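# Following is a predicted model, sequence given first.
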Amino acid sequence: MAKRRPVARAPQSVFGDEALVARLFDLSDWVKARSQLVIGGAVVLVLVAVGAVYYFIQRGSQLDQAAQELESLQQTIGFEDPATAVATIDGFLARHGDTAYGIEARMVLARVQLIGNEDPAAAIAALEPVTPDYGGGLGTDATFLLASAFEQAGRWDEAAAIYEELGANADYAFQRTEATEGLARARLALGDTAAAVAAYESLLAELEEDDPARMGYEMRLAELTAGGA
């Protein structure tokens, strides 16, 4: 019986499977592509971090400079004529108006306009970008000044509205008292005696019996209720 000759087999890849080799090459290409993305992302993150550090350093430097300039401005502004004072403050606001010191500078500008120039409209324009603000701090102080400017301008409705909000939202008793007094003035100027009386009555309700401020409010209330206002 003749022996069977072995069947010749096709030579195999050293890896055993061409398909596997192809997949490995595909995986290698995928890793290379993703590596470039990862490297690129890392570079972007580094640039962002460096930019953030630079921004905060620059911002800190600007705040320091703004604080020094504002302190100098407050010390010298009273010795300048109103026109020069306004120009000085406008220059400060152009450089630092977007910082926390901008509100304080606007308050200084409004006082110059109210006292030096007797120009309540200009004072209102100076304050309106940062008011009304009933959240406390400088914003609330600026809002009180805005209400005062409305009073000086004879814009009693707007003054009354702000004083009413201040009375409802102020953090401190002295602020609520100031706001209620302003509300009484504004309501009286508008011819609403009943509302002014209510305001003075609310002031008295907040005071102790031995508070020295009671006498003035009681006298004003008596004038209003007697029709002497």
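It's in.

# Pop the domain breakdown of the protein in here.
Residue ranges for the domains of the chain, per automatic domain parsing: 57-117, 131-229.

# Of all those domains, which one comes closest to Ala125?
Closest approach to Ala125 among these (Cβ to Cβ): domain 57-117, 8.4 Å. In this view, the C-beta of every residue, glycine as well, is placed from N, C-alpha and C.

# what mean pLDDT does that closest one have?
For domain 57-117, the mean pLDDT works out to 88.

# How about stretch 149-161?
On average, stretch 149-161 scores 98.

# quick one: contacts for Ala149?
110, 114, 120, 123-124, 127 (Cβ atoms under 8 Å, 6 or more residues apart in numbering).

# Reformat those residues as TSV; add distance to Glu201 and neighbour count.
Below are the contacts of Ala149 laid out as TSV (distance: Cβ to Cβ, whole Å; neighbours: other Cβ atoms under 10 Å):
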residue	distance to Glu201	neighbour count
Ala110	32	26
Leu114	30	20
Pro120	30	20
Ala123	31	27
Ile124	30	21
Leu127	30	25
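
# Helices - which of those residues land there?
Cross-referencing the contacts of Ala149 against helices under DSSP state H gives 110, 120, 123-124, 127.

# Between all of those residues, which two are at the greatest distance?
Using Cβ to Cβ, those reach their maximum pairwise distance at Pro120 and Leu127, which is 10.3 Å.

# picking up where we left off before, okay, the ones in helices among the contacts of Ala149 in a markdown table with distance to Val86 next?
Compiled in a markdown table, the ones in helices among the contacts of Ala149 are given as follows (distance: Cβ to Cβ, whole Å):
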| residue | distance to Val86 |
| --- | --- |
| Ala110 | 11 |
| Pro120 | 14 |
| Ala123 | 11 |
| Ile124 | 14 |
| Leu127 | 14 |
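
# Can you name the element that comes right after the helix or strand harbouring Gln65?
Using DSSP states H and E, Gln65 sits in helix 18-76. Proceeding N to C from helix 18-76, the next assigned helix or strand is helix 82-96, under DSSP H and E.

# Can you dump the C-alpha atoms of that following helix in CSV for me?
The C-alpha coordinates for helix 82-96 follow below in CSV (Å, rounded to 0.1, in the frame of the first residue of the first chain):
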residue,chain,number,x,y,z
PRO,A,82,-15.0,120.7,41.0
ALA,A,83,-14.1,120.5,37.3
THR,A,84,-10.6,119.2,38.1
ALA,A,85,-12.0,116.8,40.7
VAL,A,86,-14.4,115.3,38.2
ALA,A,87,-11.7,114.9,35.6
THR,A,88,-9.5,113.2,38.1
ILE,A,89,-12.2,110.7,39.1
ASP,A,90,-13.2,110.1,35.5
GLY,A,91,-9.6,109.2,34.8
PHE,A,92,-9.5,106.8,37.8
LEU,A,93,-12.8,105.1,36.6
ALA,A,94,-11.4,104.7,33.0
ARG,A,95,-8.4,102.7,34.5
HIS,A,96,-10.1,101.0,37.4
